[in-house]
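S.K.: need coordinates for the following:
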Amino acid sequence: MTVTLEDFRRIAEIEFGSLVADSQPLGEKLRLFLGDSSYVDLWLSRRLHERFGFHWERRHLDGTFYRYDNFPNTAWRDIVSYPYHFHDGSQDEVISTPFSTDLLTGFREFMRFVAVKISSDSEPGSHRPA
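M.R.: Numbering: from 1, shown residues only. Have a look, this model is predicted:
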C-alpha cells in the first residue's frame, strides 16, 4: 500500500482532531496547524519509496523542534535505528527512533508524542522558556 499525504491528513483530523486546528497542503508537504500555534510538517518523497520526514516546529514558542525522519545522513550512521532517527529538540540532539518504522503507525506515535508534550507544557506549574 502506498501511503499519501491525504492518508496523514485524514488520520490527523479524525484521530487527533482535538490537537489539529487545520491542515494545508504546501507543495510536496502537508502542514498541520496545532492549537498551541505550533505546526507539524509532513513530507513524503515522490521518488524514493517510504522516504519521509515528520517535523514539529516549536522554535517560535520555546526554541525547540522535533523531527522523525529516515534521511540517510551519515552523521547519524552510528544510531542503532539508522537511517531512522529522531531529532529530540534540536538539530544536533539525535537519538534512535522511539517510533515505529511503519509510516502510519510511526505517524500516530509521533502525534501522540506531540499531544503528550503539549499537554505537559500546559499543566499548571510547568515552565516554558520565553
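
S.K.: check which helix or strand covers residue 54.
M.R.: Here residue 54, judged by DSSP states H and E, is contained in strand 52-58.

S.K.: list the contacts for the residue nearest to residue 5 when sequence neighbours are not counted?
M.R.: Using CB to CB, 6 or more residues apart in numbering and skipping residues adjacent in sequence, the residue nearest residue 5 is residue 30, 4.3 Å away. Every residue, glycine included, has its C-beta placed from N, CA and C. Under the criterion of CB atoms under 8 Å, 6 or more residues apart in numbering, the neighbours of residue 30 are 5, 8, 9, 23, 24, 41, 42.

S.K.: can you give me the neighbour number for the last one?
M.R.: Residue 42 sits with 24 neighbouring residues when counted by other CB atoms under 10 Å.

S.K.: so it belongs to a strand, correct?
M.R.: Yes. Residue state for residue 42 (DSSP: H, G, I helix; E, B strand; the rest coil) corresponds to a strand.

S.K.: please name the bridge partners of the residue nearest to it when sequence neighbours are not counted.
M.R.: Computed as CB to CB, 6+ apart, the closest residue to residue 42 that is not its neighbour in sequence is residue 30, at 4.6 Å. Residue 30 has these beta-bridge partners by DSSP bridges: residue 25, residue 42.
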